[in-house]
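predicted model follows, preceded by the sequence.
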Amino acid sequence: MKARLVVLASGSGSNLQAILDACAEERLEADVVFVVVNRRSARAAQRAQEAGVPVAYRPLGPFRDEFPGDIRRARETYDAALAREIGEVQPDLVVQAGWMHLFSAAFLDRFPGMVVNLHPAMPGAFPGAHAIDDAWAAHQRDGLDHTGVMVHLVPDEGVDNGPVLAAQRVDIAHDDSRRSLEAKVHAVEHELLVRAIGDYLQR
């Protein structure tokens, strides 16, 4: 039986596309059964629609409006609501593929050992939303000669520091630009994420 994947994305969805392609080509014994985006401009929604996958736009904004001045309560209420919705499709794995939202226990406790995240840096390096920019700045400032990509489990609210499932180094060449480095990182992301998902599902 094929595994059921839910993919969460906030941006262009190139990593979602890599997963969809791998499923279609049977490189992954899985199907993407639901996609969630939290930004209206996210091209990931279009990619899901083109693949015939149900997609939902679920922003945090309405919950911030409901609980003005209490972002913690807004986040937890949003997370609980999203967990209920995703739980209805009975996923085997929830994949954060460029998902710009830090989940609380209200979400994570619903899916123990089932949430994985893709992060464009090596373990322990450059946590947070600007990892490629941070690596590029370190290259320009200190001569950093590599960055990387990792896929890790998300057991708690720690930022990009869960148990590592896979990691791969990305060298920064002397003639790289910020744009070329980003392209190299994304190319590695697409392969590493698919491989890590497949390996984890077969554990």
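Done, it's in.

and for residue 203, the neighbour number?
6 (other Cβ atoms under 10 Å). C-beta here means a position set from N, CA and C on the backbone, and glycine is covered the same way.

now swap in residue 91 and tell me
20.

that one contacts residue 7, doesn't it?
No: here residue 91 lies out of contact with residue 7, judged by Cβ atoms under 8 Å, at a distance of 9.5 Å.

now the common contact residues for those two.
residue 34 (Cβ atoms under 8 Å, 6 or more residues apart in numbering).

tell me where the chain has helices.
Listed in chain order, the helices of the chain (DSSP state H) span 14-24, 44-50, 61-66, 71-87, 105-108, 131-142, 178-201.

return the most buried member of those.
helix 14-24 (a mean of 21; mean count of other Cβ atoms under 10 Å).

so which of the helices of the chain is nearest residue 116?
When the helices of the chain are compared for distance to residue 116 using Cβ to Cβ, the nearest one is helix 178-201, at 6.8 Å.

and the closest one, how far from the chain's centre?
11 Å (Cα atoms, centre = their mean, to the nearest Å).

returning to what we had before: and the helices of the chain as CSV, adding distance to residue 172 and mean pLDDT?
Putting the helices of the chain into CSV (distance: least, Cβ to Cβ, whole Å; pLDDT from 0 to 100) gives the following:
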stretch, distance to residue 172, mean pLDDT
helix 14-24, 21, 98
helix 44-50, 27, 98
helix 61-66, 37, 97
helix 71-87, 35, 98
helix 105-108, 33, 98
helix 131-142, 5, 96
helix 178-201, 6, 97
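
need these in CSV with distance to residue 121, can you?
CSV is the format used below for those (distance: least, Cβ to Cβ, whole Å):
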stretch, distance to residue 121
helix 14-24, 15
helix 44-50, 21
helix 61-66, 28
helix 71-87, 24
helix 105-108, 21
helix 131-142, 4
helix 178-201, 9
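
identify the bridge partners of residue 31.
Beta bridges link residue 31 to residue 4 when assigned by DSSP bridges.

again with residue 119
The partner residues for residue 119, given DSSP bridges, come to residue 150.

who touches residue 150 in this structure?
So residue 150 contacts 118-119, 121-123, 160, 164-168, 192 (Cβ under 8 Å, 6+ apart).
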